[in-house]
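Novice: for reference, the sequence and a predicted model appear below.
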Amino acid sequence: MSITVVILGAGKGTRMKSKKTKILHEIGGIPIYLHALNSTEGLVPSKTLFVTSRDNQALIESLQHFDVKADVVIQDEQLGTGDAVAVALQSLPELTGIVVVLYGDTPFVKTSTLTKLVRSVEQDVPFAFLGFETLHPGNYGRIKLDTEGYIQKITEAKDCNHVDSSLSLCNSGIFCSQVDVLTKLLPQISNENSSGEYYLTDIAHLASEQGIKTRLVQCDEHETLGINTRNDLAVAEHVFQSQMRNRFMSEGVTLIDPNSVYFSIDTKIAPDVVIEPNVKIGKEVSIDTGAVIHSFSYLEGCTISEGAQIGPFARIRASSEISKDAKVGNFVEVKASKLGARTKVSHLSYVGDASVGEETNIGAGTVFCNYDGVSKNKTVVGSQTFIGSNTLLIAPVEIGNEAFTAAGSVINQNVPDHSLGIARKRQKNLLNKAPNHKFRKG
Ligand code: UD1
Ligand code: CA
């Protein structure tokens, strides 16, 4: 049976109070809609349709950026979820099989739950909604069952009377159907409700009135979190981070204070890494076994090799590689640079666009001056080299192996292997000319 996935993402998302399309807001570093889309991969759909509004260039660019294999369908006016599905199906008039509808604002549904939903649809029961029990039904549609346990009606929160409001069984929005029956019933949906919208959820009542069955498949409340407001977004991020923390700890990573460590969806961490409190890990980071990330460090786009020590208060930026047993200490920023094995940058330094060899020591206060106001230039430092404290390395420049730079030097010429580069004024002592500093004694 061929499966078509329809993702709805044309809604205005007004409750977010944002210039940005709601489903482009991020959880774990990727847009909300991408979480929903990723969960459908395991269904191996023959086609995915993504419904969006006209002029939503940002969404189209995002789909391209993430290389989403979906056909974009434009819903000209946002007349409701029922209309959005109708528009999607009209774009494929020959469609047969099963259609699975997900809302782009509902990120956490599991593939196994979707599979269960798809399997629950059969000849005699052509529709199925994914529902959940909750103590806080809030703005979710309420599900009423008939005496046989099929769905009789879904009432939107805005249209609930006193009795409906007390129902604790809610609609996740995720829906599965046989295409032919759905195509027949969709045009019968009306917009006579408090929002003046064509609700997809009205399918259940229409079906029930015509003796067509709609199954309820239940799942955990966490899977169905729909994001409408900034508050929902914060709750979703919290849920996502909790899942990541639990996963890493179960895989052998020590998180001393899990709730203060933040990950991205693509973070990779090997067992026996220790992460201290208050660490943020941005996109594209991998950390190998035995590494320690000390408190208040911020990492993105980098590879941290086995046994490396990072922080406290370190910032490692994109395209950086910290090799085995290397050390990046406090108040050090590293950008687009490679530090070789056992190399140390222990304090107060900026390392940008550089390649540093093995067992080199970069002294406190060293600055790799990589930017000349127009372009970024590269610095190469060899192995077993010693960069004296407060050296300025003006790129492009190369320092050889087993070389030295004197503390306080401004180095703008290459320093060959085994050589000392010194570029500062010689010290002069003025005998008996020290200023009177009696005041210190007083
Ligand atoms: C919807 C369900 C509600 C369910 C809840 C779960 C309906 C009528 N209601 O309510 O029963 O409990 O989700 O989170 O379906 N969209 C379009 N075109 C439109 C309108 C909406 O593409 O014309 C998209 C939105 O971008 C969004 C999704 O459909 O991704 C759901 O729309 P939304 O307005 O958020 O519905 P809810 O009020 O949350
Ligand atoms: Ca919603």
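Specialist: On my side now, so go ahead. Residues are numbered from 1 along each chain as shown. Ligands and ions are numbered 1, 2, ... in the order given.
Novice: so where is the chain shaky, pLDDT-wise?
Specialist: Applying pLDDT under 70 to the chain flags the ranges 437-442.
Novice: interface residues of it facing ligand 1?
Specialist: Counting by Cβ under 6 Å from any ligand atom, the residues of the chain close to ligand 1 are 8-11, 51, 75, 78-81, 83-84, 103-106, 140-141, 154, 156, 170-173, 199-201, 226, 228. Placement of C-beta: from N, CA and C, glycine included.
Novice: pull out the buried residues from the residues you listed.
Specialist: Among the residues of the chain next to ligand 1, those scoring as buried are 8-11, 51, 75, 79-81, 83-84, 103-106, 140-141, 154, 156, 170-173, 199-201, 226, 228 (criterion: 16 or more other Cβ atoms under 10 Å).
Novice: so how far is residue 283 from the residue of the chain found nearest ligand 2?
Specialist: Nearest residue of the chain to ligand 2 (Cβ to the ion) works out as residue 226 at 4.0 Å. From residue 226 across to residue 283, the span is 25 Å (Cβ to Cβ, to the nearest Å).
Novice: check residue 86 too.
Specialist: Note on residue 86: its distance to residue 283, by Cβ to Cβ, is 37 Å.
Novice: ok, now residue 210?
Specialist: Distance, residue 210 to residue 283, using Cβ to Cβ: 49 Å.
Novice: cool, and residue 430?
Specialist: For residue 430 relative to residue 283 (Cβ to Cβ), the value is 56 Å.
Novice: unless I'm mixing things up, the residue of the chain closest to ligand 2 is touching residue 173, no?
Specialist: Yes - using Cβ atoms under 8 Å, residue 226 is in contact with residue 173, at 6.2 Å.
Novice: thinking again about what came up before, quick check on residue 430 and residue 283: which one has the bigger neighbour count.
Specialist: residue 283 (17 against 6; other Cβ atoms under 10 Å).
Novice: so what's residue 410 up against?
Specialist: Taking Cβ atoms under 8 Å, 6 or more residues apart in numbering, we find residue 410 in contact with 391, 392, 394, 423, 424.
Novice: kindly recompute the last result at 7 Å.
Specialist: Listed by Cβ atoms under 7 Å, 6 or more residues apart in numbering, the contact set of residue 410 reads 392, 394, 423.
Novice: also residue 153?
Specialist: Residue 153 neighbours (Cβ under 7 Å, 6+ apart): 144, 204, 205, 208.
Novice: that one bridge partners, please.
Specialist: Beta-bridge pairing for residue 153 (DSSP bridges): residue 144.
Novice: check the gap between residue 270 and residue 325 for me.
Specialist: Distance of residue 270 to residue 325, given as Cβ to Cβ: 15 Å.
Novice: swap that for residue 65, sorry
Specialist: Separation of residue 65 from residue 325 (Cβ to Cβ): 36 Å.
Novice: for the closest residue to residue 415 other than its chain neighbours, give the beta-bridge partners.
Specialist: Excluding its sequence neighbours, the residue lying closest to residue 415 (Cβ to Cβ, 6 or more residues apart in numbering) is residue 421, at 3.7 Å. Beta-bridge pairing of residue 421 under DSSP bridges involves residue 405.
Novice: so residue 421 touches residue 409, yeah?
Specialist: Yes - using Cβ atoms under 7 Å, residue 421 is in contact with residue 409, at 6.1 Å.
Novice: longest single helix anywhere in the protein?
Specialist: In the chain, ranked by residue count with DSSP state H as the criterion, the top helix is helix 230-250.
Novice: spell out whether that helix and ligand 2 are in contact.
Specialist: No - Helix 230-250 is not in contact with ligand 2 by Cβ under 5 Å from the ion; minimum separation 8.4 Å.
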